[in-house]
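*Asks:* Structure for the following, please:
(2 chains)
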Amino acid sequence: VRPGSVAIVGAAETESVNEAPHVPEIELHAQAALRALADAGMTLADVDGYANATPHPLELVTHLGIRPRWIDSTRVGGCSFMVLVRHAALALSAGWCDVAMITHGESGRSGCGRSPYPRQEPTSLWSQFEVTYGAGPMVFNLTVPARRFLADRGMGSEDLAAVVVAQREWAADVPQAVRRERTTVDEVLAAPMVADPFTRPMCCVRTDGGGALVMVRTENVGDWDSPSAPVYLLGSGEAAESGLMSQMDDISTFGGFRRSSSEAFRSAGVGHEDVDHLMIYDAFAHVPLYGLEDLGFVGRGESGAFVTDGHTRPGGALPLNTNGGGLCYTHTGMYGMFAIQESVRQVRGEAAVPVPGVEVSFVQGLGYAFGAAAALVLSVRAS
Amino acid sequence: MSDRIPPAMTPITAPYWDGAAAGELRLQRCVVCTRFVFPPRTFCPHCGSASPPRWESTSGVGRLLSYIIARVPVPGGYDEAPYVVALVELQEGPRLLTNIIDVDLDKPLPLDMPVTVSFEPRGPTGVPVFRPTVS
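*Replies:* Numbers count the residues shown, from 1 in each chain, chains lettered A, B, ... in the order given. Below you'll find the predicted structure:
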């Protein structure tokens, strides 16, 4: 897949990304699909490639009434959507399909028409060796290594709080964001404790919502009457590490972030200095700190000070999680689709809080509890 | 605590849980490279040997790598909070996700604190948990 050889020509979220108590998940998928297709100037009849993470892809093939000649349903948690964009790029390049659509819909707050999360079968390694310990909820699992990460670097809870403070600065001006109040480190630290040392604002919101993406080969951009500018995929990377928190290679740094991001940079032919806008999956406040270091934007132990000093806030040198992230904007359970949507909006100049002149956006996804990762490099230019 | 259901084992993992029921922390060890293997398998993930690793009783001693304290119950976790979810590195090498018991949850637990295995009964079996080592 050559840099810039495929493009996202349609992108949209459901009308609400907060609460939709009576909308089953397959309808969230469908709403997002129709909005993204309208954005691409297409209809469902144009779609000949389809991918999703949950529920079973045949549920959606049936519900949408499509007959794809390419399907994929790689389920590796919240980064599934970065993975699927990457796989769709390959399918398009190979000619396995001409219009690839990726959809997401999840009733994470209301539980309407909810499909079971993968890997919950009782004999899975995850169930036997982690759920057994009351660590099934991600808030009691993905958070566990944070104390070691912070202690190894002489950092502390105030660094987790600083991530929340910075992202609220963005969310304050994002109408769709669930949590929009500006806050302070002291306020975040004083909030109710959920998974000590994580207070409630350091944990993501729980929402209902969906999103969809439509992709074509660059040579076909312009074949449809789309109201929106194309966003080109310059590069990508993916990595799987472990489905068990206990089996991370090193709990103080995430190899999946390092490997997927370095492949994304390499395949895109861009460097860190070229990145104008950054999204790092943030189910909990420590993940962007791991990400800033593991992606190589700062050195080991520098992430907390980098955020505290304001570099990731509006007006900062490295605008990060500009929709407010999973901590503030939305988080249905698998957040990756929404991170990609914000990257697309920033590249198009259509974000609620636009970063001026974004040519290159880097979006890093995380799956499960430091289990998998995938990254995309998106751009206004095809090369 | 009806939510604390026994783990659903397979023929490959049963010796681990049966060991816990018998009050032993058993781990597999590769007969070729001698490294410990976790979670249980029929081969060695370290050296790739297809010879089945052998079950051994271990020290049950390790150190606390990291932890959180679950302060409020969340669906899918235990019905009652607080409780500690921790990563413990065993003397033999493998790392386990587990609970720490018999600690004062109003005070931070020192990282690298020595811990010793204990066993929490779960129906017909038991699960390995850890408590601070009494010196």
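*Asks:* so residue B:130, which of the three states?
*Replies:* Residue B:130 falls in the strand class when you classify it by DSSP: H, G, I helix; E, B strand; the rest coil.
*Asks:* tell me the SS of the residue nearest to it when sequence neighbours are not counted?
*Replies:* With sequence-adjacent residues excluded and distances taken as Cβ to Cβ, 6 or more residues apart in numbering or on different chains, residue B:130 is closest to residue B:115, at 4.0 Å. C-betas here are computed from N, CA, C, even on glycine. Going by three-state DSSP, the secondary structure assigned to residue B:115 is strand.
*Asks:* tell me the helices in the chain, going along the chain?
*Replies:* You didn't pick a chain, so chain A it is. For chain A, the helices defined by DSSP state H occupy A:25-40, A:57-64, A:80-94, A:125-129, A:146-152, A:157-171, A:185-190, A:255-268, A:286-294, A:303-308, A:325-328, A:336-348.
*Asks:* that's the other chain; I wanted chain B
*Replies:* If you assign secondary structure with DSSP H, the helices in chain B sit at B:14-21.
*Asks:* For it, which residues are neighbours of chain A?
*Replies:* Chain B comes close to chain A at residues B:4, B:7-10, B:13, B:38-39, B:65-72, B:74-78, B:82-83, B:85-87, B:95-99, B:111, B:122, B:127, B:129, as judged by Cβ under 8 Å from any Cβ of the partner chain.
*Asks:* Just list the residues touching residue 41, thanks.
*Replies:* Since no chain was named, I'll use chain A. Applying Cβ atoms under 8 Å, 6 or more residues apart in numbering or on different chains to residue A:41 gives the contacts A:9-10, A:224-227.
*Asks:* Correction: the question concerned chain B.
*Replies:* Residue B:41 touches B:12, B:28, B:53, counting by Cβ under 8 Å, 6+ apart.
*Asks:* got it, and residue B:32?
*Replies:* B:44, B:47, B:49, B:51.
*Asks:* Look at residue A:85 and say how many residues are nearby.
*Replies:* By the measure other Cβ atoms under 10 Å in any protein chain shown, the count of residues near residue A:85 is 26.
*Asks:* For it, which non-adjacent residue is closest in space?
*Replies:* Spatially, and ignoring its direct neighbours in sequence, residue A:85 is nearest to residue A:376 (5.8 Å; Cβ to Cβ, 6+ apart).
*Asks:* I'd say that neighbour and residue A:236 touch.
*Replies:* Yes - the pair formed by residue A:376 and residue A:236 meets the contact definition of Cβ atoms under 8 Å, at 5.0 Å.
*Asks:* The two: which is more packed in?
*Replies:* Ranked by neighbour count (other Cβ under 10 Å), residue A:376 and residue A:236 place residue A:376 first, with 33 against 25.
*Asks:* Residue A:327 touches residue A:201, doesn't it?
*Replies:* Yes - taking contact to mean Cβ under 8 Å, the distance of 7.0 Å between residue A:327 and residue A:201 places them in contact.
*Asks:* that older thread, ok, of the contacts of residue B:32, which come out buried?
*Replies:* By the neighbour-count criterion of 16 or more other Cβ atoms under 10 Å in any protein chain shown, the contacts of residue B:32 include these buried positions: residue B:44.
*Asks:* Which one of the contacts of residue B:32 is nearest to chain A?
*Replies:* Using Cβ to the nearest Cβ, residue B:44 is the member of the contacts of residue B:32 that sits closest to chain A, with 14.9 Å.
*Asks:* Next one: that closest one from residue B:52, what distance?
*Replies:* Separation of residue B:44 from residue B:52 (Cβ to Cβ, to the nearest Å) stands at 9 Å.
*Asks:* before we move on, what about residue B:29?
*Replies:* 11 Å.
*Asks:* Looking at the two, which one has more neighbours?
*Replies:* Looking at residue B:29 and residue B:52 with other Cβ under 10 Å, you find the greater number of neighbours at residue B:29, namely 18 against 15.
*Asks:* Quickly note the distance from residue A:101 to residue A:87.
*Replies:* To residue A:87, residue A:101 is 13 Å away according to Cβ to Cβ.
*Asks:* Equivalent analysis for residue A:298, please.
*Replies:* For residue A:298 relative to residue A:87 (Cβ to Cβ), the value is 30 Å.
*Asks:* Can you name the residues of the stretch 251-383 of chain A sitting close to chain B?
*Replies:* On the criterion Cβ under 8 Å from any Cβ, chain B has as its neighbours in the stretch 251-383 of chain A the residues residue A:251.
*Asks:* give me that answer again for 10 Å
*Replies:* Proximity of the stretch 251-383 of chain A to chain B is assessed by Cβ under 10 Å from any Cβ of the partner chain, with A:251-252, A:369 identified as the residues in range.
*Asks:* wait, doesn't residue A:198 sit right on residue A:286?
*Replies:* Yes - with the criterion set as Cβ atoms under 10 Å, residue A:198 and residue A:286 qualify as a contacting pair; they are 8.0 Å apart.
*Asks:* which residues do those two both contact?
*Replies:* Common contact partners of residue A:198 and residue A:286 (Cβ atoms under 10 Å, 6 or more residues apart in numbering or on different chains): A:142-143, A:146, A:160.
*Asks:* top of these by neighbour count?
*Replies:* For those, the largest neighbour count, defined by other Cβ under 10 Å, is 31 neighbours, found at residue A:143.
*Asks:* Pass me the low-pLDDT residue ranges in chain A, would you?
*Replies:* In the prediction, chain A carries no residues with pLDDT under 70.
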